[in-house]
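[1] All I have is the shape, not the residue letters:
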């Protein structure tokens, strides 16, 4: 019956579709079909599967497992420690551990996260900052400093210097925000930022204005969208002969919006000199004071000494911005942070956060590589007696696929004892030496059957054709 094969057999192919949910809930889909107390009789009652044992305790156990299959809230505390140990081993077996760890780094802590976890992340921040020179990544990161203008942040981000909690302080709302405009006026910043916005529009029209909307050069340049270019052209025409004093409110907000989005490191128009940076820093301090006086929760300000719940785990540890201009900077920084959190003891926490990553409907938030590895992992997690790998991991290159298959073979047997059978339909000609029995088929018929040594000549001859 299906419920028995579901318990005894794991299956993974090259398909990448998942119903959706988190990584954790996707893995948990197979867990109701694991363990020795699973049902062996499959019946239906009121449209729902149920089982019937003579032992009432087994009936209760089976009912709980089936309930969990329909309600993932039952897995709130999953995985427990035994499952976590096995899960970590399997993650490394299929080479998915680093991906889940990175998902955890790119997510925010839940509101009920313990102070101990936050404190350990802060310790990791300090350790990363102190070790950055040793790891030769200091040039790849510009750390946040409340007293310094960051070249990696936009003008708006430098002004806010934090994460907007109230949508009124979001990027699109800043130009019209009453408090922000008051701070700009008091620091004589309205006119300079208006001029910066006008220069941005003019420079973009000069650079990209003659390109077609579907131009590959425009798409690859990182410049403005075709729609924004059209708007910029119109704004320049409307502002011809005008300045900040004669512009209407809509025109002023448009120019301020362009200025707030401008980052010197990304665009390099040379529009933010030292004098303008100093004015923005003064406005930053004033804005922070005013926000704290009115609504201290409107912006989660960057503070070197405090955990910021509005930032991801990675941003809380990094507490800065990776220099996108440096080739390979992100990879070097991520490798350094992963190594550091492993040594600091918070990798397990970050890993569990990563299990809550939303894979999206159909698994669209996963790469094809990740989806195929996740499918294999799910097949192995329930500890089946037999696992069938039907052209699994087809998206991976041959060397990585072979290594993972070899890992699964090693997992299936220890000290000469076979703990799990593997049926493998290969994608290429490699790896057959690792199996106990080879079946070679030609034209739908088995033409060789035996150990690798026994069928080696016939197999090599067939592969040479």
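    Received the coordinates, thanks. Since this is a predicted model, take the numbers as computed values, not measurements.
[2] Check which helices and strands the helix or strand hosting residue 27 sits against.
    Per DSSP states H and E: residue 27 is located in helix 23-28. Applying 3 or more CB pairs under 8 Å, 6 or more residues apart in numbering; DSSP states H and E, one finds that helix 23-28 contacts helix 368-381. In this view, the C-beta of every residue, glycine as well, is placed from N, C-alpha and C.
[3] Toward the C-terminus, what is the element adjacent to the helix it packs on?
    strand 386-390.
[4] Can you list the buried residues in that next one?
    Neighbour-count burial for strand 386-390, counted by 16 or more other CB atoms under 10 Å, picks out 387-389.
[5] So which of the residues you listed is the closest to residue 265?
    When the buried residues of strand 386-390 are compared for distance to residue 265 (CB to CB), residue 389 comes out closest, at 46.6 Å.
[6] Thought residue 420 was touching the closest one, still the case?
    No - with contact defined as CB atoms under 8 Å, residue 389 does not count as touching residue 420 (11.6 Å).
[7] on that earlier part again, can you put the buried residues of strand 386-390 in CSV and add pLDDT?
    Converted to CSV, the buried residues of strand 386-390 look like this (pLDDT from 0 to 100):
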residue, pLDDT
387, 95
388, 96
389, 96
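[8] Tell me the one among these nearest to residue 85.
    Comparing those against residue 85 with CB to CB places residue 387 closest, at 19.6 Å.
[9] Distance-wise, check that closest one relative to residue 427.
    16 Å (CB to CB, to the nearest Å).
[10] what ranges do the helices span in the stretch 301-450 of the chain?
    Applying DSSP state H, counting those that start in this stretch to the stretch 301-450 of the chain gives helices spanning 313-318, 329-344, 347-354, 368-381, 398-412.
[11] Now render those as JSON lines, adding distance to residue 104, mean neighbour count and mean pLDDT.
    As requested, these are exported to JSON lines (distance: least, CB to CB, whole Å; neighbours: other CB atoms under 10 Å; pLDDT from 0 to 100):
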{"stretch": "helix 313-318", "distance to residue 104": "6", "mean neighbour count": "22", "mean pLDDT": "94"}
{"stretch": "helix 329-344", "distance to residue 104": "9", "mean neighbour count": "17", "mean pLDDT": "88"}
{"stretch": "helix 347-354", "distance to residue 104": "3", "mean neighbour count": "20", "mean pLDDT": "90"}
{"stretch": "helix 368-381", "distance to residue 104": "14", "mean neighbour count": "22", "mean pLDDT": "94"}
{"stretch": "helix 398-412", "distance to residue 104": "22", "mean neighbour count": "16", "mean pLDDT": "93"}
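[12] could you dump the ones you listed to CSV with distance to residue 220?
    Output for those, formatted as CSV (distance: least, CB to CB, whole Å):
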stretch, distance to residue 220
helix 313-318, 27
helix 329-344, 19
helix 347-354, 32
helix 368-381, 23
helix 398-412, 29
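[13] right, and the ones you listed - which one's nearest residue 202?
    It's helix 329-344; of the helices of the stretch 301-450 of the chain, that one is closest to residue 202 (CB to CB) at 31.0 Å.
[14] which helices and strands does that closest one pack with?
    So helix 329-344, by 3+ CB pairs under 8 Å, 6+ apart, packs with helix 97-105, helix 115-131, helix 313-318, strand 320-322, helix 347-354.
[15] Toward the C-terminus, what is the element adjacent to the longest one?
    To tie it back to what came earlier, the one meant is helix 115-131. Criterion used, DSSP H and E; the element after helix 115-131 is strand 141-143.
[16] Can you list the strands that that next one pairs with?
    Sheet pairing of strand 141-143 (DSSP bridges) gives strand 320-322 (antiparallel).
[17] So what touches the strand it pairs with?
    140-144, 150, 152-153, 329-330, 333 (CB atoms under 8 Å, 6 or more residues apart in numbering).
[18] quick one: which of those residues is nearest residue 464?
    Nearest member of these to residue 464, counting by CB to CB, is residue 330, at 44.1 Å.
[19] now the closest one, nearest residue through space, not along the chain?
    Setting aside the residues directly before and after it, residue 330 is nearest to residue 322 in space (CB to CB, 6 or more residues apart in numbering), at 5.3 Å.
[20] quick one: the one you found and residue 146, what's the gap?
    Residue 322 sits at a distance of 19 Å from residue 146 (criterion: CB to CB).
[21] same question, residue 16
    Distance, residue 16 to residue 146, by CB to CB: 45 Å.
[22] Is residue 20 in a helix, a strand, or coil?
    Under DSSP: H, G, I helix; E, B strand; the rest coil, residue 20 falls in the coil class.
[23] That one against residue 360, yeah?
    Yes - between residue 20 and residue 360 there is a contact at 6.3 Å, judged by CB under 8 Å.
[24] So which of those two has more stuff around it?
    More crowded of residue 20 and residue 360, by other CB atoms under 10 Å: residue 20, with 15 against 12.
[25] picking up where we left off before, got the helices and strands packed on helix 329-344 as CSV, with distance to residue 193 columns?
    Shown next, in CSV, are these (distance: least, CB to CB, whole Å):
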stretch, distance to residue 193
helix 97-105, 34
helix 115-131, 32
helix 313-318, 26
strand 320-322, 21
helix 347-354, 38
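[26] Residue 170 is nearest to which of those?
    Closest among those, once you apply CB to CB, is helix 313-318, at 17.3 Å.
[27] Which other helices and strands does that closest one contact?
    Judged by 3+ CB pairs under 8 Å, 6+ apart, helix 313-318 is in contact with helix 97-105, helix 115-131, helix 329-344.
[28] closest one to residue 250 among those?
    Across the helices and strands packed on helix 313-318, closest to residue 250 is helix 329-344 (CB to CB), at 38.2 Å.
[29] centre of the chain versus the closest one, how much separation?
    15 Å (CA atoms, centre = their mean, to the nearest Å).
[30] report the angle between the axes of that helix and helix 97-105?
    Going by axes from the mean of the first three to the mean of the last three CA atoms, to 10 degrees, helix 329-344 is angled at 90 degrees with respect to helix 97-105.
[31] Name the residues that touch helix 329-344?
    For helix 329-344, contacts defined as CB under 8 Å, 6+ apart pick out 98, 101-102, 105, 120, 123-124, 127-128, 131-132, 135-137, 140-141, 314, 317-318, 322-324, 347, 350.
[32] before we move on, what about stretch 454-465?
    Contacts of stretch 454-465 (CB under 8 Å, 6+ apart): 429, 432, 438, 440, 442, 447-449, 452.
[33] List just the nearest of these to residue 235.
    When these are compared against residue 235 (criterion: CB to CB), the nearest one is residue 429, at 61.8 Å.
[34] Would you mind listing the residues in contact with the nearest residue to residue 16 once chain neighbours are set aside?
    Nearest residue to residue 16, sequence neighbours excluded (CB to CB, 6+ apart): residue 371, at 3.7 Å. When contacts are counted by CB under 8 Å, 6+ apart, residue 371 touches 16, 18, 359, 363.
[35] Of these, select the buried ones using a PyMOL command.
    PyMOL command restricting those to the buried ones, with burial defined by 16+ other CB under 10 Å:
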select buried, resi 16+18+359+363
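[36] For the contacts of residue 371, give me TSV that also has pLDDT and distance to residue 3.
    Listed next are those as TSV, based on pLDDT from 0 to 100; distance: CB to CB, whole Å:
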residue	pLDDT	distance to residue 3
16	91	26
18	92	21
359	95	26
363	93	25
